[in-house]
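Student: My questions concern the predicted model and sequence given below.
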Amino acid sequence: MESFEASVSYSSHSKLEKEKNNAYEFDDDYSDSVWTVPEDKSIVPLGSKSMKKDYQYPAESDDFIDGGYDSGDDVGTSMRNGLHPDVNLKNVLSGLFAIITGSNKVSPSVSVNQQYKSSNVSFLGSGKNGNTYLHSSVYIPSAPPLLEQSGINYNAYKEVLEAEPPEWLPDSCTTACLQCGAPFTAITRGRHHCRFCGRIFCRACSKGRCLLPVKFRERNPQRVCDCCYDRLDPLQGVLINTISNAVQVAKHDVMDWTCTRGWLNLPVGLTMEHEIYKASNSLRSFCQVARLNPEKSIPLAVLRRAKGLAILTVVKAGVVLAYKLGTGLVIARRSDGTWSAPSAIFSVGLGWGAQIGGELMDFIIVLHDSKAVKTFCSRMHFSLGAGCSAAAGPVGRVLEADIRAGDRGSGMCYTYSCSKGAFVGVSLEGNIVATRMDTNLRFYGDPYLTTADILLGTVDRPKAAEPLYVALDDLHCSLQC
């Protein structure tokens, strides 16, 4: 028995009494130790067929309630004698008398192991105050942990991380989904290839989006089947930090006259990288305004107190009734004074009033409190305000103030803008601003990421947004001069 205790370190028993006169040996598959039992053949191992066959439970006993045994208060006598006492009037009265007089309490000096001699294993202990407690060895794990301390066994996922792009099955090889077996149709159930295994599935069986290993050379999350999703999902944290678009160095960071991209911001950006470039270019324009005419720029006090900024490029055109459309991004100021990661947004709206013409506007919406930031954390919010606009050629100004409301709250914002075009008018403005979840997914690679996670600081600042942070620092410096 001593050899067994030395080799098995995860035993949940606290103490095992040594037995003499070994009767037979039991070979363990994991060690060379032996089990010892006394020669008394009346002792049968737990779970043996003979034990279940010899002992018959009385079917009509009052102690069996709904198929289970009600132990009652017969612990002392039954454990000492090894038999259950008869239920009669004498035993019931004596038990009640013992409870009333307190004679059934055990002295603190007497250990629990001395009371119950019939068990050679102790799971109970007695405290100084006489109370009985469960020994700590009972809830110590009786088996080694299955996973490593890090939580992920990377050796088990080595095959997935080193996988290469498969050869896709041709569409003609199957007429039904390879997982659910549903037949394909022209409209209601089309064919979709899993990008990881190359097999063909229906839309319902290939809804997952995952980043693929390095050899696939894809930085955007790709469609995968349910089986491949289960294999790739535990590795998404590793892939997000290594191959996603957010961790790449920004390629387009030139915004002077030598690059035609910097001459004019387009109202719609298809990727987050393009939105970052547009926002950086808009901030550069405001830096030039601050140097040439500081009175027409954003006040430094307003920028310092801002809890967030929304930067958009919007095109506006119409007579009396004007239409607006544009995209951009929003960032928030963290508690330590730094700016958060960007979240892509989309804006569409109408304006009504005495107005005519068309213009391209670079907006900076100042979120002056946390309520306004929470408004942009919504999937969609509405804004209502008033503004005046005047543009002639490459120089123009737009001033607006509006109230925004969404499912995360409401807040008041101030809008500053530089515009280009030929437009003049005063109008009431209504806009719908929505978060571009698909753009955030392609940039960060995390399908579970929300706008609140991005703006409230739980996401690290991406390398790809470095030009944006540099432009913000330049704007702050130009306003101080």
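Tutor: In hand now; what should we look at?
Student: List the residues that contact R461.
Tutor: Neighbouring residues of R461 by Cβ atoms under 8 Å, 6 or more residues apart in numbering: T338, W339, S340, A341, Y469. In short, each C-beta sits where N, CA and C put it, glycine included.
Student: how much space is there between it and I331?
Tutor: Per Cβ to Cβ, to the nearest Å, R461 is found 10 Å from I331.
Student: anything in contact with each of the two?
Tutor: Contact criterion Cβ under 8 Å, 6+ apart; residues shared by R461 and I331: W339, S340, A341.
Student: Please convert the buried members of the contacts of R461 into ChimeraX selection syntax.
Tutor: Buried members of the contacts of R461, defined by 16 or more other Cβ atoms under 10 Å, are picked up in ChimeraX with:
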select :339,340,341,469
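Student: Filter the contacts of R461 down to the ones in helices?
Tutor: Y469 (DSSP state H).
Student: with the contacts of R461 in mind, which one is nearest to K207?
Tutor: Closest approach to K207 among those (Cβ to Cβ): A341, at 26.2 Å.
Student: tell me the contacts of the closest one?
Tutor: So A341 contacts A246, I331, Y444, I454, L455, V459, D460, R461, P462, A465 (Cβ under 8 Å, 6+ apart).
Student: quick one: what helix or strand has the second one in it?
Tutor: I take that to be I331. Taking DSSP states H and E as the definition, I331 sits inside strand 308-332.
Student: Which strands or helices does that strand pack on?
Tutor: Other helices and strands packing on strand 308-332, by 3 or more Cβ pairs under 8 Å, 6 or more residues apart in numbering; DSSP states H and E, are helix 272-292, strand 343-367, helix 370-376, strand 409-435, helix 451-455, helix 466-480.
Student: Check which helices and strands the shortest one sits against.
Tutor: Spelled out, it's helix 451-455. strand 308-332, strand 343-367, helix 370-376, helix 437-444.
Student: angle of the first one against helix 466-480?
Tutor: In this structure, strand 308-332 runs at an angle of 150 degrees to helix 466-480, with axes from the mean of the first three to the mean of the last three Cα atoms, to 10 degrees as the basis.
Student: So which bits of strand 308-332 are buried?
Tutor: 308-318, 322, 324, 326-332.
Student: give me phi/psi at F201?
Tutor: The phi/psi pair for F201 (degrees, to the nearest 10) reads phi -140, psi 170.
Student: What is the neighbour count of it?
Tutor: Residues near F201, counting by other Cβ atoms under 10 Å, number 27.
Student: Repeat that for A471.
Tutor: A471 has 22 nearby residues by other Cβ under 10 Å.
Student: Repeat that for R217.
Tutor: R217 has 9 nearby residues by other Cβ under 10 Å.
Student: V160 too?
Tutor: 16.
Student: so who does the residue lying closest to R291 once chain neighbours are set aside touch?
Tutor: Closest residue to R291 apart from its sequence neighbours, by Cβ to Cβ, 6 or more residues apart in numbering: S478 at 5.7 Å. Counting by Cβ under 8 Å, 6+ apart, S478 touches C287, A290, R291.
Student: looking at those residues, which has the most residues close by?
Tutor: Busiest of these [other Cβ under 10 Å] is A290, holding 22 neighbours.
Student: So what's the predicted local confidence for it?
Tutor: Looking at A290, its pLDDT is 78.
Student: If I follow the layout properly, it ends up in contact with C477?
Tutor: No. Look at A290 against C477 with Cβ atoms under 8 Å: they stay out of range, at 9.4 Å.
Student: State the distance from W168 to F201.
Tutor: For W168, the distance to F201 - Cβ to Cβ - is 12 Å.
Student: Check P294 too.
Tutor: For P294, the distance to F201 - Cβ to Cβ - is 60 Å.
Student: do P267 as well
Tutor: 38 Å.
Student: give me the low-pLDDT residue ranges for the protein?
Tutor: The chain contains residues with pLDDT under 70 at 1-87, 102-154, 386-412, 421-425, 481.
Student: still on that earlier bit, got the contacts of S478 as CSV, with distance to C205 columns?
Tutor: Below are the contacts of S478 laid out as CSV (distance: Cβ to Cβ, whole Å):
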residue, distance to C205
C287, 52
A290, 55
R291, 58
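Student: Can you report how many residues neighbour T260?
Tutor: 7.
Student: oh, and call the first residue 73 from now on, that's how I've got it
Tutor: In the new count, where the first residue is 73, that last one comes out as T332.
Student: What distance do you get for it to T246?
Tutor: Taking Cβ to Cβ, one finds T332 at 48 Å from T246.
Student: what angle separates the strand holding I403 from helix 509-516?
Tutor: Strand 380-404 runs at 60 degrees relative to helix 509-516, counting by the same axes, to 10 degrees.
Student: Strand 380-404 versus strand 415-439: what angle between them?
Tutor: Using the same axes, to 10 degrees, strand 380-404 lies at 140 degrees relative to strand 415-439.
Student: Kindly calculate the angle that strand 380-404 makes with helix 344-364.
Tutor: Calculated by the same axes, to 10 degrees, strand 380-404 forms an angle of 150 degrees with helix 344-364.
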